[in-house]
Structure formats: C-alpha cells, structure tokens
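Q: Compute the structure for the input listed below.
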Amino acid sequence: MAVSCSSHASTPSTATVNVDSSSMFSYAGADGLTVSGAAGVAAPGVRVTITAKTQPQVKVVDQLTYLGRSVDIVIGENAQPKAPVTVSIPTPNGLDQTVPTAVGVTERDGKPEFLEVINRAGTLSTTLTHLSPVDFFHIDFARFAKGVTDAIGTVLTGQSTKSPECVEKSIDVDGVTLKANRTKNESGGNLDAVWPCLRFEHGQILLDLHANGNRAWLTRSQPDVGTGALSALDSHAATASGFISTLYNLGKRRSTGTLMPSTTLTYSFSPDNPPTRAEVKVDPGLMLTSALVYELTALLDITGASTGDKLEKVPGAYDCLLGAADTLDTAKKAFIDNFLSAFHTILGCMSEVVPGPAAFLLNIFAGGATIVSGLLTSAWNEATNNNHGIIIINRIGGSTQVINEVAVSADGQPLNGYHEVGGSETVADCEPSLAAVNKNIYRCYPTAAGADVCWPAASLQLLCMDDPWKKQLRRVSISAPLAPVDPPQQAWPVALQLDDGTQCRLRNGGAWGSRDDDYRGAYGCDAHGEEGYVLTPYDVYPIDRSAPMWTVKTGDLATYGGALPPPVTHTVAKAWFASK
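A: Numbers count the residues shown, from 1 in each chain. So this is what the prediction gives:
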C-alpha cells in the first residue's frame, strides 16, 4: 500500500489563551475549532498556544482520509497537561455518524498514538492526556474494500501463458494410451487454470498439476486418491499472492488437495485404476482472507507494527487466520453473514499479535464490517463463480473394464467395503434386477424405496445397493419369501464411468424430463450442463457393445420436452454389474 504525505501547503493559524484562575482554559475559533482544558490543567496565568493548519503531521495511507485539520497545543514551555484537554472540530459533510470511523492520531515517544473520536451533533471531539500535534482522520471503508478487490483481481489475473514441456504429452500403460487435456475453464476464460502432466514411474500413474499464476486452487481427482507432497514454495515479496502462500505454508495444512501458487501437486494412481478426470476450483476463502490481511497490514503500518513478523512468531496466529478462511469456504449462509463471521475472526486474530495502537484501529474496523462486506460482494462472486477448471484424461485403446460387483455375502452380510446406512421400507412385487448377472438378485417396488439392486439378507429382508462409489446398502423388508429368479438375458450395468470421469447410475423410476427426438434418460449422471443423462431411444439397449470399448450417448432432458442439442458419444471406461 502506498504511503504519501499531503501535498498542499497551508498557512498555520495561531492563537494564544491563558489558563484562568480556576486552572482552566477555553478557546473557540471562527472556523469551528474549539480547545478546552479541564480544571487543574496547569497553573493559573500559564499561556497556551494553539496552532491549527490544514496539513497532516503524520503519514497517510490509502485507507485514511485526512479531515483537513491538524492542531498543535503547547502549554507554557512545553509542559504536559495535568488534566485532560479536549479538541473539537466541525464534522465534515458526508461523514457517517452511525459508524465510529473518525480517529485522532498523535505521537507519544516518537510512535503514533490513536485517540477515540466522538462524532456527535455535528462535532468531532477527542481528548488528550499527552500533548503533541493531533490530526483528525476518517477510516475510509470504501477505499479499504477497493484495495481488497484490487488484491483479489491481481490474484485472479496473474497467469502465465508458458506451459511446461510435459503438457499434452501422452503415456502408455499396459497397452492403453492416456493423455491429459489442457484445462477446460468453465468460466469461459482463455488461459489455463493449471498445467496438467502425466508420468508413469515406479509402477504408478502420476498426474502432476502445475500452478499457473497467483491463485490457490482446491483440487480433486477421479478416482479420488490422495496426493503427494507439494514441491518447494518459491519465495514471495509482501504481496497479496505472497500472503496466500505464507498463510498456507506457515499455518495448518488445510487439505492435501490444495494447490498453492508456484507449486506442483501430484496425484498417484495404480494402473488398474487410472485417472479419468481432475477438477480445480479457486479457493475463495483463502484468497479473500489473504487479501484482507494484506490490506489491514498496510493500514497498520502507520502504527509501526511489523504485522507479518509478529504473525510468523506468535504460535497459532496463522492457524487462527486459516480458521477464518475455512469459515468462508464452508459456511452455508448468505455472503454477508458468512463474511461478518470471518472478518471478525480475522480482526481478533490480528489483535492478539499487534496489541495497543494497532488493536485500536482493528476495533474500529469491526464497527464497519457490514459496510465492507457490502462493498466486497461482487469481488466474492467473481472469485467463487468464475474460476472452475476441468481436466479430462482421455483413454485411447484398450477395452471397457467390466466389474461384477458383489456387495452382499452368501449369508447376507455386507461385503467388499459396502456398509449399511439404514432404511426401513417395506417392498413388494419383486422381480429380477436389470443389473444382475447371477441368480436371485432382485428389483422391488415402489421405486421410491431405492430397491432396484438387492441381495437376500436375513429372513424376509434384502440389502440394496446405491452405487459402487458410495458403497452404501439399505435394508428393506418383504412380507413373504421370494421365489428364485434368473438374471435378464442382457443385463444393464448398475453404474457407468465414462471417458471423462463422469459417473452415471441406472435409472430407477422417478419423473424425468423428455426430448423431442424420442430419446429418453436411461442413466442419471453427475455431469453438469448439457450432458447430465445417458440417453437411448425407447425400447433400445442404451450401450453400444459392438467394440471392445463400449459407447453411450449423453445429453440433457427438458422439463416439458423441446429442442435440445443432439446427443454426444462417449466411451465407457468402467461398467458395474450386480453379481454373487
């Protein structure tokens, strides 16, 4: 934050007044300036010299607005008052009287001292117990919010266009070629969010995500696996992006999926479970917290507080700030409520490490938190809504992996990582499950019970699977023993994983939309936008199994029918069937 001094010159206005016989003095200038000393301020007859000018005595930062008056009071031969001295000036037009934003700044022992200013009835008043020149300032929350917004903008736009040599290079694993596409920016931006690279080392497939610019990213992969260690951080100057790295590096590790500026994050996969997709989403909580700390530090610089140094030395200081960042990431509330909670936490964290004058300023900021939050809403929306990237790992060659899932043992117990999550529905009208490749796997009604892939469990009970990713089973009851059933001649997979990592689950009833081209939804997928369903014409098997790598068509459904984009063909990486 730039530090500057007022550039306009001024001619000081000097007045003198004597302490009266009751050891008091009072002065009222034509311009609204008043100065008064309480009883006992000095010995009777002592001369008080009052010098007023319109040039600040102390340095000014962008968040402080000088209110046009600097006052110097001298009692006798530079004596200190023995009772409080009150200085008042007219409240400038436009200064909000509902928020305590005015502050007096003086010096004591060569260091700035901040004074409480009362804004009442058109007058700003402060009380001195130690005499040195005093200036009146207004903390400008709009300037502060603009500084935070600019810092966020620097982080959002700070990208490099030079990619590592490994980008878009393919690798061969067990006869299958894998290639990571460059990041598809969901916000429509032109530059890559991160640079993805694939390697095959020591029997593992490694997906490296290289940071591109100043952002901090939350990342995840499909399949979901842990990450390796981060590479060493580059050194940063005291910039907004530098604070992001410092917060992360010196505080707690928020998650292994956080990609920091100037780092590389590595995901590791086994060859039999290769990567299909990675997502990166900007970490708005960490970004906003860092920008706020950066701007507050610039303001506190006028107090002489070395904030960054103290934050590093005080145990738990950075963890405290990261707690505020976590609040901004996870709170399920409107931004203003979310922000107020986090901002007060940030102010509390910093007050612990920079007490005294700095803490006084931070306390004033607490009163203006609502104003700041309103001014930062658009910056927050930009950080959260427009920074989402997707990396697709294309699979070339090979064949669809067929998985015969056994979720329940022969004696009716959860198996292979599946677990029971409740359920108490009673079902009836059971028939062979569409997903079954073995005998006696059932589909029962009503469809709302979620009982379309069920294995016999205890007497008159079934355990029914949700999908192979959550590995959840729900227990349902039947009123009479079930007759043995054979599997269908051509089973439908209970779940599919497509070439871009999209996960799709077999439809089980429900009210779905429609299309004008007579396609219907056979599977619901976790993709967004125009490819949320696996589509098939009526009475047609939804999967083309004529080649080793199966294919499906995906697209959207409309609430009331209507024209939609034509279906898109995807290959099927994995297909799960229900087995024993």
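Q: Would you mind confirming that Cys320 is in contact with Glu352?
A: Yes. Using Cβ atoms under 8 Å, Cys320 makes contact with Glu352 at a distance of 7.4 Å. Every C-beta, even on glycine, is put in place using the N, C-alpha and C of the backbone.
Q: what about those two, which has more around it?
A: More crowded of Cys320 and Glu352, by other Cβ atoms under 10 Å: Cys320, with 19 against 15.
Q: got a list of what the more buried one touches?
A: By Cβ atoms under 8 Å, 6 or more residues apart in numbering, the contact list for Cys320 reads Thr345, Gly348, Cys349, Glu352.
Q: Which one of those residues sits in the busiest neighbourhood?
A: Top of the contacts of Cys320 by neighbour number is Cys349, holding 24 neighbours under the definition other Cβ under 10 Å.
Q: Can you point out the helix or strand that includes it?
A: In this structure, Cys349 is located in helix 335-353 according to DSSP states H and E.
Q: Break this structure into its domains for me.
A: 3-139, 143-153+287-385, 161-283+388-395, 401-477, 495-578 (automatic domain parsing).
Q: can I get the ones you listed in JSON lines with distance to Gln489 and mean pLDDT?
A: Formatted as JSON lines, the domains of the chain follow (distance: least, Cβ to Cβ, whole Å; pLDDT from 0 to 100):
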{"stretch": "domain 3-139", "distance to Gln489": "74", "mean pLDDT": "82"}
{"stretch": "domain 143-153+287-385", "distance to Gln489": "47", "mean pLDDT": "78"}
{"stretch": "domain 161-283+388-395", "distance to Gln489": "29", "mean pLDDT": "74"}
{"stretch": "domain 401-477", "distance to Gln489": "10", "mean pLDDT": "93"}
{"stretch": "domain 495-578", "distance to Gln489": "11", "mean pLDDT": "88"}
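Q: Figure out which of these is closest to Pro484.
A: If you check each of the domains of the chain against Pro484 by Cβ to Cβ, domain 401-477 wins as the nearest, at 5.6 Å.
Q: Please produce TSV containing the domains of the chain, extended by distance to Ala483.
A: Shown next, in TSV, are the domains of the chain (distance: least, Cβ to Cβ, whole Å):
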stretch	distance to Ala483
domain 3-139	76
domain 143-153+287-385	48
domain 161-283+388-395	38
domain 401-477	9
domain 495-578	18
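Q: can you tell which of those is closest to Val485?
A: Closest to Val485 of these is domain 401-477 (Cβ to Cβ; 4.4 Å).
Q: first to last residue in that closest one, what's the distance?
A: Across domain 401-477, the terminal residues are separated by 33 Å (Cα to Cα, to the nearest Å).
Q: do the same with stretch 543-550
A: 7 Å.
Q: can you check stretch 88-104 too?
A: Stretch 88-104 has an end-to-end distance of 11 Å (Cα to Cα).
Q: Could you give the separation of it from the chain centroid?
A: Remark: stretch 88-104 is offset 35 Å from the chain centroid, using Cα atoms, centre = their mean, to the nearest Å.
Q: ok, now stretch 54-70?
A: Offset of stretch 54-70 from its chain centre (Cα atoms, centre = their mean): 35 Å.
Q: Just name the closest of the contacts of Cys320 to Gly521, please.
A: Ranked by distance to Gly521 (Cβ to Cβ), the contacts of Cys320 are led by Thr345 at 45.2 Å.
Q: The closest one: what's it in contact with?
A: By Cβ under 8 Å, 6+ apart, Thr345 lies in contact with Cys320, Leu321, Gly323, Ala324, Thr327.
Q: can you confirm the last one is in a helix?
A: Put plainly, it is Thr327. Yes. Under DSSP: H, G, I helix; E, B strand; the rest coil, Thr327 sits within a helix.
Q: Who's the closest spatial neighbour of it, skipping the chain neighbours?
A: Counting by Cβ to Cβ, 6 or more residues apart in numbering, Thr327 lies nearest to Ala342, which is 4.5 Å off, once chain neighbours are set aside.
Q: need the contact list for the one you found.
A: Gly285, Leu288, Thr289, Ala324, Ala325, Thr327, Leu328, Ala331.
Q: ok, the first one to Ala428 distance?
A: In other words, Gly285. Look at Gly285 and Ala428: by Cβ to Cβ, to the nearest Å, they are 49 Å apart.
Q: Looking at the two, which one has more neighbours?
A: Shown here are Gly285 and Ala428; by other Cβ under 10 Å, Gly285 has more neighbours (25 against 13).
Q: So that one: helix, strand or coil?
A: The three-state label given to Gly285 by three-state DSSP is helix.
Q: tell me the pLDDT at it?
A: With respect to pLDDT, Gly285 has a value of 79.
Q: residues near the closest residue to it other than its chain neighbours, how many?
A: Spatially, and ignoring its direct neighbours in sequence, Gly285 is nearest to Leu328 (3.3 Å; Cβ to Cβ, 6+ apart). Using other Cβ under 10 Å, Leu328 has 26 other residues around it.
Q: what sits against Leu328?
A: Neighbour list for Leu328: Pro284, Gly285, Leu288, Thr289, Asn338, Phe339, Ala342 [criterion: Cβ under 8 Å, 6+ apart].
Q: want to try JSON lines for those residues, with distance to Gly257 as columns?
A: Listed next are these as JSON lines, based on distance: Cβ to Cβ, whole Å:
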{"residue": "Pro284", "distance to Gly257": "15"}
{"residue": "Gly285", "distance to Gly257": "14"}
{"residue": "Leu288", "distance to Gly257": "19"}
{"residue": "Thr289", "distance to Gly257": "18"}
{"residue": "Asn338", "distance to Gly257": "22"}
{"residue": "Phe339", "distance to Gly257": "24"}
{"residue": "Ala342", "distance to Gly257": "21"}
